[in-house]
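sequence and computational prediction follow.
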Amino acid sequence: MSESLRKYTRGVYALDAVIQRVPDDQWDNPSCCEGWTAREAAGHAAWLIRNVGNLAAGTGPTPEQPEAEVLGDNPAQAFREIVATTMAALDQDGVLQKVAATPFGEMPLDSFMGIVWVDPTIHAWDVADATGIDHGIDQASAQQAFDQLSPVLDNLRGPGMFADAVEAAGDDAVARLIAFTGRSSVRS
């Protein structure tokens with residue numbers, strides 16, 4: 001297994017662990033992502049995960065749809081199905097070397113996953129914070145995400161992307177990552 005796939009898998013399953021524990025009545029809670037609920041943050045992440053699966057399977061990009069609709073009426077089940085389909089597509093010989101058209105240009109799927117693994121990791125925090133459950137992000141993953149984003153994040157700040165960094169709520173790697181990506185708890 002490549003390092004990119006390892007990180008991607010860890011991020012996807014961190015988000016899955018959060019999504020599977022969200023109480024049904026908490027999905028429409030506001031998240032720290034401006035204008036998004038927990039459902040929309042999870043839907044955004046699920047849409048990207050589905051796209052990775054589609055790139056691996058060679059079926060083309062997932063059509064755009066509102067984030068609130070991606071996971072339908074049963075977000076936990078829908079997310080679990082997206083993850084299963086994506087992981088099955090990634091579990092094929094040679095798929096990581098397949099060159100795909102990504103938002104960052106054409107590149108091997110392994111390289112793309114090496115970039116986007118931070119998305120499900122960070123959105124695990126967003127959904128957990130919105131719904132009052134533990135995010136489960138380990139300190140090593142948070143530090144790796146911080147290290148990866150540090151040199152490029154200022155180029156990715158703006159509407160619909162990352163907000164300006166805020167003061168960290170703590171001094172551990174998760175708190176630093178979350179603050180660096182412009183997030184503040186809706187629970188504070």
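Good, I have the coordinates. Numbers count the residues shown, from 1 in each chain.

mind naming the longest helix for the protein?
The residue-count maximum for a helix in the chain (DSSP state H) belongs to helix 38-57.

and that helix, what does it pack against?
helix 3-19, helix 67-70, helix 75-90, helix 109-116, helix 118-131 (3 or more C-beta pairs under 8 Å, 6 or more residues apart in numbering; DSSP states H and E). Quick note: C-beta positions are derived from backbone N, CA and C, even for glycine.

shaky segments in this protein?
Low-confidence segments of the chain (pLDDT under 70): 153, 157-161.

give me the residue at the spatial middle of it.
Pro120 (1.7 Å; C-alpha atoms, centre = their mean).

wait, isn't that one in contact with Ala45?
Yes. Counting by C-beta atoms under 8 Å, Pro120 touches Ala45, with 5.1 Å between them.

now for the two: what residues contact both?
Leu15 (C-beta atoms under 8 Å, 6 or more residues apart in numbering).

distance from the chain centre to the longest helix of the chain, please.
8 Å (C-alpha atoms, centre = their mean, to the nearest Å).

same question for stretch 8-23.
9 Å.

tell me the buried residues in that stretch?
Tyr8, Thr9, Arg10, Gly11, Val12, Ala14, Leu15, Asp16, Ala17, Val18, Ile19, Val22 (16 or more other C-beta atoms under 10 Å).

show me what contacts the fourth one?
Yep, that's Gly11 we're talking about. Neighbours of Gly11 in contact, by C-beta under 8 Å, 6+ apart: Trp117, Val118, Asp119, Pro120, Thr121, Ala124, Ser141.

out of the residues you listed, who's nearest Ser111?
Proximity of those to Ser111 was ranked by C-beta to C-beta; the top entry is Trp117 with 11.2 Å.

so the closest one touches Ser4, yeah?
Yes. Using C-beta under 8 Å, Trp117 is in contact with Ser4, at 6.8 Å.

more crowded one of the two?
Trp117 (25 against 19; other C-beta atoms under 10 Å).

can you count the residues close to the spatially closest residue to Glu69 that is not a sequence neighbour?
Spatial nearest neighbour of Glu69, excluding adjacent residues (C-beta to C-beta, 6 or more residues apart in numbering): Gly43 at 7.0 Å. Here the count is done by other C-beta under 10 Å, and Gly43 has 25 residues near it.
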